[in-house]
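Enquirer: after the sequence you'll find the predicted model.
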Amino acid sequence: MSAPTLQAISQPEARLAVARSRAYETFARLFDYPDVELFEDVRDGTLADALRAVLTEVDPELAALGSWDALRDAGSEPDDLAVEYTRLFDVGASGPPCPLYGGLYGGARMKTMEEAVRFYNHFELSMAESPRELPDHITTQLEFLHFLAFREAEALEGDGDPGPYRRAQRDFVSRHPGRWVPRLRARLEENDPLPFFRDLVVRLGDFLEHDRLHLIALVGAAPRKD
Amino acid sequence: MSDSASRGISRRRFVIGAGVGATALGLGLCHLRRRAEAPAPRVGPPPEAPTPVGVVRYGDFTDVWRERWTWDRVVRGTHTRANCIAACSWDVFVKDEVAWREEQHAVYEAPRPDVPDGNPRGCQKGACYTDLQVASSRVLHPLERVGPRGAGKWKRISWDRALDAVADGLIDAAIDQGTESIVYDHGTTNAGYGPETSGEMRFATSVGATVLDSWSGVGDMPMGAVQTWGMYNCEGTADDWFRSDYIVVWVGNPAYTRIPEVHFMHEARYRGAKLVVIAPDYNATAVHADLWLNPKAESDAALGLAAAQVIVAEGRFDADYVREQTDLPVLVREDDGRFLRGSDLERGGDESRVYVWDEVRGRPAVAPGCAGDGKGGRSLALGKLKPALAGRFRVALAGGGEVEVRPVFERLREQLADYTPERAAERTGLAPALIRRFARELSEAPRAMIFASWGACKHHHSDLFQRAMILLMALTGNQGKAGSGLRVAAWWGLDGLGLMAGATPSFLDILKILPKAIRGLTPRDYEKIYTEFSEKAPNTPLMPFLYVHGGYREMWSRPDLADPALPRGVDEYMRQSIDRGWTRIHPSEDREPRALIFTGSNPLRRWPAPQHALRHLWPKLDLVVAVNFRMSTTARHADYFLPAAAYYEKHGIKYAQSYLPYVIVSDQATKPLGESRTEWEIFGLLSERVAARARKRGVPEVRGFQDRPHDLTKAYESFTSNGRYDPHDPADPIKMMDDILRASPSVGSIGAEEALRLGAVPITGTARPTPIYATSSDYDPKDTYWPHRWFVEDKVAWPTLTGRQQFYLDHPWYLEAGESLPVHKDPPGARSRFPLRINGGHTRWSIHAIWRDQELMLRLERGEPVCFVSPADCAPRGIRDGDGIRVYNDAGAFEANAKIAPGVQPGEVIVYHAWEPYQFKGWKGPQEPVEAPWKAIHLAGGYGQIHYRMFYSSPGHSPRGAPVEMERIPAAQRAAVAPRLRA
C-alpha cells in the first residue's frame, strides 16, 4: 500500500496527535518479536532514546518518569530477549504466563475479539492476511490506535472533524489495552521477567493511562452503556 | 527472525531509527489493512471505496455494535484430526480471516421411515473449537529449545532454519544407526483420511522411519475380537441401535463418549427396548438404564460366563447358529487339547484343516471354511452336514492308534460348570437371581446387542471379557443381525485411501493375488494381503518397542506384574516371539532409536509410567520433534516444535466411523494463524529438505529397512509420487482429496470441490476392506447398517483358523495359560498390597488431551484434575470432598482433588481421561503410578488369526486397574496442587 504521510504539520493539536500516533506505533513495533538488531538497539541505547524522544513529544513528564536503564538492558546474550519473550509471551503449559492477547485477560474471548474487529471495520480496516495475527493481540490493538491518532491529525490538518477519531480512541483504549495491559503488568511481576520487558509494559501502561485522560479531557468521558 | 514477522520488524527499525522529532510520518500498518485494499472476497459484494478523512461518524462504542455483522463466508468444517470417534459437519462462520463460531450442519437423513435421523450431531467441544484454536496454548511459530529438555526455554526460529536443523538431525540418525532409528509416532490423535495423515505416512516412507503401531499402544485393540473373529471391526450405523430390543452397555459410557449417537439408545426405549448398563460405577449412562448391574471391577468375564452357563444349562441357545457360525462343534483331541487336524488323520495332512463330527454319517468331516478345507476356506456353509455339539468319539490316527475327540461345545459346557450364578456371585458381587434374570432376558430378546467401548480393551484381561461377550452373542444367534451383536467400532472404507501412502502394489504382488481376485477376495485373503503389506515396512507395536528400547523391560518383567497362571516370565515370551519372527522390533535390538517425531500425539501423557521413557528413552534420542497446534506435555520435552495449522485452517477428510453413513470433509475456513502450516506442507517440505541436505552433504545410501540401502536424496520424489504433488502449492491438499474421493465409488466418486460444498458426503455403496476398515457387510442406503452379514447371510468363512467364530484357541501359549476357552482371571494387580484400583474412562469434556485445559470446558466441571472416590474409602482415610489427595504406589504418585461420589464402587479411584501432566503438581500426572502390565501371550503368532501385522493383534496398553493407595494432603501443603488453574 502507498502509505499516506503528513508533512509540515502546522497545528499544535495535530502535532500532538502525530506524536501520540507515533508513540502507539513505536510501542506496537516494540512488541514484535526481538531480533539481533533489537538486541543491539537496546544495548547501545538507541531504542531507549527513541522511545524517550517519542514520549517527550507527547508529554515531557511521561518521559521523565523513572529510570530508562532497564530499556538499555538486553541481557548478556543476543538471544536473551528472544528467549525471554518466548517464555513470557509465546508458549507455556496451558499457554504462556503473560499472553499478549487482550481477550485472555477476562471476559469472553470471542466477544472481545469481535468488538475489536467491529472497531476496525467501522474505520474501514480489516485484519491483514499476512502476517496472520489475531484482533486482540497487543500489536494489532496498538496499530489501530496509531491509525486513529493519525486520522485525527489528518482531520485536524484538513479541517475535518477529529471528534469521531478521538472518541473512538478514548473508547478503544479504555475497553481494550487500557483494560488489560495493567493485568499484563501484574502477571509479569509474578513471573520474574527481564527488566526490559517489565519496564516496556510499565511504560506502555503509563502511556495508555495518560492518553486515556488526555482523550477524556478532549471529548469527555464515555457514557456508561454496558 | 521469523518470516511473517519481518514486515513488522523492518518497520521497527524504521520507527526506532526515524529520529527524534521527525515531522514526516507514515501510516505503518502490519496486522491491519485498509478494507479498500483487500482482494475481492470469494463471497459477497466487492469492497466499498474508502470514506474520506473527517467524514466518518462515531459517537461512542455502541455505534460499532449497532452495525450489521455480516460473514465474509461460511464454510463446511469439522475437526479432522481430533481423534474424535464422532464425525460431525459444522458450518464455520468467517469474518476478517477469523473463524468466529460454528453451528451444527444438520443434513443427515434417516435411511428408513421407522428409524430416527441422526440430527443434530455435534457436541459442546465441537461447538467451541473456534475458541480452542485461538487459545493461549496454541503455538504459532517454529521453536527451538534453548535450555535443557523440558525446561520450557525456547526461541522462535525461521522455518528455513527449523527444516535444516530437523533434516540434518534425521540424516545424522540415519547415518549413525540406519533409518529405522528415526521413530515416528502418530499416536491415534492425527489419524484421518485426508492430506494431513497422507503427508505423515509419505514422510515416514520417504525417510525409511520406524512407525510405531499405536493401535494396541493406546489400548484400543479388542484382542478378544481378534482371537474370536480374526478381525475387530464390529459396528454399524448408530441408527441400527434403535432396532435393538435389548441394549447392553458393557464397559462403556456412551452418554459421555458417544454424545452425537447415544440418543438412538434412548429413543429405542420408546419402542420398547430395554437398556441394561453393566458398570461398577453409577455413571452417566447408567442413570438412563432400565437395569443396572454393578459387578466388581474386572469381573466382567465371570459375569459373561455365568450368563452363558445359564443359557447353555437352560437350553436357551440357538443350536443351528452355533453349529454353523461357531467353532463349538469342532473336534478337540482329549489327549493334548489340540484340534483334530488334517495332519492327525493323514500323513502330510494339512495342519490348518479341522473337523466336526457329522451326525448324519457318523464320522469326522472337514469343517467347511476352515483354512485348510481344500477349497480355499471360502465358505462355512454346512450343506448336508449336521455337526454334533455333544458326544465323545474315537478317531483313527494316521500314525497308528486312536484318539478320543470331543466337540468344543462339550468342553465349554464342562467349563461353564465353574460359572454357575452362585459361583459367579463370589467374583462379581452380583446376586445369582440378577445374573439369571439378565441371562434369560438376553436370550429371550428378539434382537440383543452389547455396546462395548474402547475401554473394553484397556484391562489386562480385556480379551477374556470380550470373548465372553461374543460367546453370549453367538450362543443366542445375535451376531450378524440387525440391532444385534457385539459392537465396538468400525470404519467406512474408501477405495482411494491407498493413494494416501503413495505406495502402489508391484506387478508381482498383483500377479500373486490375481487368481484369488478373479474368484472374489474373502476376508481371509485380505488379511493375508494386509499382513504381507505390513511386513514390507518397519512397523513396530508400541509395547514391545518400549520393552526393548524404552527402558520398560525391568518393570514389565517383574513377576508380580505377570499372570500367575503363566509358566514362564515375560522375558521368555518376548525372546521366543522375536526369535520366531512373531514380533518385529525396529530398530532391531542391537541398534538404538536416535530421533523421535510425533504429530499431535502425546506420549508422555499417554504411555505407561512415562517417567521411565523420560529416564531411559529420551537420553538415547539426539533429536525430538513435536508437530502440533498446541504445546502438549510431550512437546515441552522436544528439541524443535513445528507449529501445525488448526482444524479449520486446513482441508481434510475426517476418518469415518460407521456410526454415521456419511464421510465428513473439512474446508479451509481461514489461512493458518501465525507461521503455522498444514501437516501436508510441513512434511512435504521436510522431505524436500532431507533430500536437499543429503545431496549437499554427499550422504551415500544409508541402512534402511532391514538394512537394505535407502537413498535419502530421493525422499522428496517419494513424498510427491515423483512430482505428482507439490506441497508448496496451497491447492495441493485439495488435489490429494480429489484423488482420494474420485477413486472411491462408495461415495459416488465425487470430486473434492463438490465434497467441500456438501460437508457431509453420503455413503452410497460398499468399499473394499482395508487393514482397519472392514465391516463385512454390504451397504444399502435404504437400510440401517450392521456388521458381519457376509458371514451370517452369505456364509462367507470368518478369517479364523476354523473359519468360524472361534472360542477355542489351541495355540500352545493359550493352552499353557489356561485360556484355550474364555475364562475369568483376576488381573495381576489383584495380589498387590495397594488396596485401591485406578479406573476411568473418556471424559465428556475433552477428546483426549485436546480441550482438556480449555477454560470453557473446565468451567463445566471442577476446573482441575479430580479423582472420583467412594465415601466408604474416604471416611477411614479422613478424606473430605474437595480435599487434596495423593494417589500413589511404588511406581509413582500424583496429586489431585477428591470428589466424593456415592456412585463410585468402593475400592475404585476413577480418574477420567487425559489430564495433561502439566496440570498436576510437579507435572506428575495420573499415569505415574500406572505400570500397565500387558499380556505376554499377546506376543503369540504363527497361528491362523493370531499373528501380528500393523493395526492388528499385539499387546495393548492396559492402564485400568492399577493398584494404588491414597492419602489426604494436609491443608498446609494443598496450595501447591495445580497452582495455575487455582490461580
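Expert: Perfect, thanks for sending it. Numbering: from 1, shown residues only, chains lettered A, B, ... in the order given.
Enquirer: in chain A, which residue sits nearest chain B?
Expert: Relative to chain B, the nearest point of chain A is A:G160 (2.0 Å; C-beta to the nearest C-beta). In this view, the C-beta of every residue, glycine as well, is placed from N, C-alpha and C.
Enquirer: quick check: that residue touching A:E154?
Expert: Yes - at 7.0 Å, A:G160 counts as touching A:E154 under the criterion of C-beta atoms under 8 Å.
Enquirer: between these two, which one's more packed in?
Expert: Taking other C-beta atoms under 10 Å in any protein chain shown, A:G160 and A:E154 do not tie; A:E154 has more neighbours (23 against 18).
Enquirer: per-residue confidence at the more buried one?
Expert: For A:E154, the pLDDT comes out at 92.
Enquirer: which SSE is it in?
Expert: Applying DSSP states H and E as the criterion places A:E154 in helix A:138-157.
Enquirer: ok, B:E235 next?
Expert: Using DSSP H and E, B:E235 maps to neither a helix nor a strand.
Enquirer: surely A:F39 touches A:V83?
Expert: No - between A:F39 and A:V83 there is no contact under C-beta under 8 Å: 11.2 Å.
Enquirer: check contacts around the residue lying closest to B:M201 once chain neighbours are set aside.
Expert: Of all residues not flanking B:M201 in the chain, B:A501 sits nearest, at 4.9 Å (C-beta to C-beta, 6 or more residues apart in numbering or on different chains). Applying C-beta atoms under 8 Å, 6 or more residues apart in numbering or on different chains to B:A501 gives the contacts B:198, B:201-202, B:205.
Enquirer: also B:A424?
Expert: B:302-303, B:305-306, B:309, B:430, B:432, B:435.
Enquirer: looking at those, spot the one nearest chain A.
Expert: Nearest member of the contacts of B:A424 to chain A, counting by C-beta to the nearest C-beta, is B:L303, at 41.1 Å.
Enquirer: list the helices and strands the helix or strand hosting the closest one packs on?
Expert: Following DSSP H and E, one finds B:L303 within helix B:300-313. Judged by 3 or more C-beta pairs under 8 Å, 6 or more residues apart in numbering or on different chains; DSSP states H and E, helix B:300-313 is in contact with helix B:408-416, helix B:421-428, helix B:432-444, helix B:462-475.
Enquirer: just give me the neighbour total for the closest residue to B:D96 other than its chain neighbours.
Expert: Spatially, and ignoring its direct neighbours in sequence, B:D96 is nearest to A:M127 (4.6 Å; C-beta to C-beta, 6+ apart). Neighbour count of A:M127, defined by other C-beta under 10 Å: 23.
Enquirer: A:M127 pairs with what?
Expert: Beta-bridge partners for A:M127, by DSSP bridges, are B:L32.
Enquirer: so where's chain B uncertain?
Expert: Scanning chain B for pLDDT under 70 picks out B:1-9, B:18-25, B:37-54, B:188-190, B:503-505, B:975-983.
Enquirer: the helices in the stretch 751-900 of chain B, which residues?
Expert: Along the stretch 751-900 of chain B, counting by DSSP state H, counting those that start in this stretch, helices occupy B:752-758, B:789-792, B:812-816, B:855-858, B:871-874.
Enquirer: ok, chain A next?
Expert: Per DSSP state H, chain A carries helices over the ranges A:12-30, A:36-43, A:46-58, A:60-64, A:80-85, A:109-122, A:138-157, A:163-175, A:177-190, A:195-219.
Enquirer: which of these is buried the deepest?
Expert: Most buried of those, by mean neighbour count (mean count of other C-beta atoms under 10 Å in any protein chain shown): helix A:138-157, with a mean of 26.
Enquirer: does chain B sit close to that helix?
Expert: Yes - applying C-beta under 8 Å from any C-beta of the partner chain, one finds helix A:138-157 touching chain B at A:139-140, A:143-144, A:146-147, A:150-151, A:153-155.
Enquirer: next, count neighbours for the residue lying closest to B:L821 once chain neighbours are set aside.
Expert: The shortest distance from B:L821 to any non-neighbouring residue, by C-beta to C-beta, 6+ apart, is to B:Q415 (5.4 Å). A total of 16 residues lie near B:Q415 under the criterion other C-beta under 10 Å.
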